[in-house]
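A.B. asks: Curious how this folds, go ahead:
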Amino acid sequence: MATADLSKQPDEVAAMFDEVAPKYDRTNAVLSVGNSWLWRLQTVRAIAPQSGERILDIAAGTGTSSAAIARSGAEVVAADFSPGMIEVGRRRHPKIEFVQADAMALPFRTGEFDAVTISFGLRNVKDPRKALKEMYRVMKPGGRLVVCEFSTPPHALLRAGYGVYLRHVMPRVVDLASSNPEAYSYLAESISDWPDQGTLSQWLRGAGFTRVAYRNLTSGIVALHRGHKPERKQRAKASVPEAPPS
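C.D. replies: Residues are numbered from 1 along each chain as shown. Model prediction:
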């Protein structure tokens, strides 16, 4: 794929990620200028995983983020639609459960997870809003969602500089660091076409999430979005009048 087509088919994107899987983490570290570890740290803190919880990490790739979450003692399921990514992840993190899955049709029961997270993967889904509804479905009432995704820097000067980086600097770096430069050209264009923080917040609310908020990281190049699935409302007990004294 040479252009960022947001109507893309899952099998096309999966094939692209299959090709970059072996060097994916190294290339990301280079392209983020070392910020990828900081974004991962902030994402784990936002998830606030607890021992004994069951957490779904979507678009987990090779499992780097899943391993960071699992250090809390939580049970992590790493889901990705790329068989190549999953193959690499299983070798690197044999104690983590990897599942091949489409974010728009997750193969999990309703209300199965205490928390769901996705990092830098939502923009690669054919229908992101459908994926958010699936995340809501598999989450327990009271559960929490954390989405870490590239976003729109709020300051015009930084936006302009970031645009120059995506169009001119990133392709040159990719030529040296990546096993598939064309794939990263697609990724750069998908970042440029992705909606801003306010729009993604609206999508979360539209999927049913409450207490929706976001926090900019690295001056808004990345945004950390959060939401919660409401607790079940308890039915009010019917008021039964006492029998009059006989």
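A.B. asks: Regarding the residue nearest the centre of the chain, what is its secondary structure?
C.D. replies: With distances taken as C-alpha atoms, centre = their mean, residue 118 lies nearest the centre of the chain, 1.6 Å away. Three-state call for residue 118 (DSSP: H, G, I helix; E, B strand; the rest coil): strand.
A.B. asks: dump the residue contacts of it.
C.D. replies: Neighbouring residues of residue 118 by C-beta atoms under 8 Å, 6 or more residues apart in numbering: 57-59, 103, 131, 135, 147-149. Using the backbone N, CA and C atoms, a C-beta is placed for each residue, glycine as well.
A.B. asks: which one of those residues has the most neighbours?
C.D. replies: Each of these was scored for neighbours by other C-beta atoms under 10 Å, and residue 57 scores highest at 31 neighbours.
A.B. asks: How about it, nearest residue that isn't a chain neighbour?
C.D. replies: Closest residue to residue 57 apart from its sequence neighbours, by C-beta to C-beta, 6 or more residues apart in numbering: residue 66 at 4.5 Å.
A.B. asks: Next one, pLDDT for that neighbour please.
C.D. replies: Note on residue 66: pLDDT of 97.
A.B. asks: and what of residue 233?
C.D. replies: At residue 233, the model reports a pLDDT of 62.
A.B. asks: hang on, the earlier thing: hey, what's the residue nearest to the centre of the chain bridged with?
C.D. replies: Going by DSSP bridges, residue 118 is paired in beta bridges with residue 58, residue 147.
A.B. asks: Compute the number of surrounding residues for the residue nearest to residue 57.
C.D. replies: By other C-beta under 10 Å, 25 other residues sit near residue 66.
A.B. asks: hang on, isn't it packed against residue 60?
C.D. replies: Yes - with contacts counted by C-beta atoms under 8 Å, residue 66 reaches residue 60, the gap being 4.9 Å.
A.B. asks: anything in contact with each of these two?
C.D. replies: Contact with both residue 66 and residue 60 is made by residues 78, 89, according to C-beta under 8 Å, 6+ apart.
A.B. asks: shaky segments in the chain?
C.D. replies: Applying pLDDT under 70 to the chain flags residues 1-10, 12-34, 168, 171-186, 233-246.
A.B. asks: change it to 90
C.D. replies: Applying pLDDT under 90 to the chain flags residues 1-37, 85, 123-124, 152-193, 232-246.
A.B. asks: all helices for it, in order.
C.D. replies: Shown for the chain, the helices assigned by DSSP state H span residues 10-20, 24-31, 36-47, 64-70, 83-92, 128-138, 156-164, 170-177, 181-193, 197-206.
A.B. asks: how near is residue 92 to residue 68?
C.D. replies: According to C-beta to C-beta, to the nearest Å, residue 92 stands 13 Å off from residue 68.
A.B. asks: how many neighbours does residue 229 have?
C.D. replies: Residue 229 has 25 neighbouring residues, counting by other C-beta under 10 Å.
A.B. asks: Quick check, residue 203 in contact with residue 131.
C.D. replies: No - taking contacts as C-beta under 8 Å, residue 203 lies outside contact range of residue 131: 9.6 Å.
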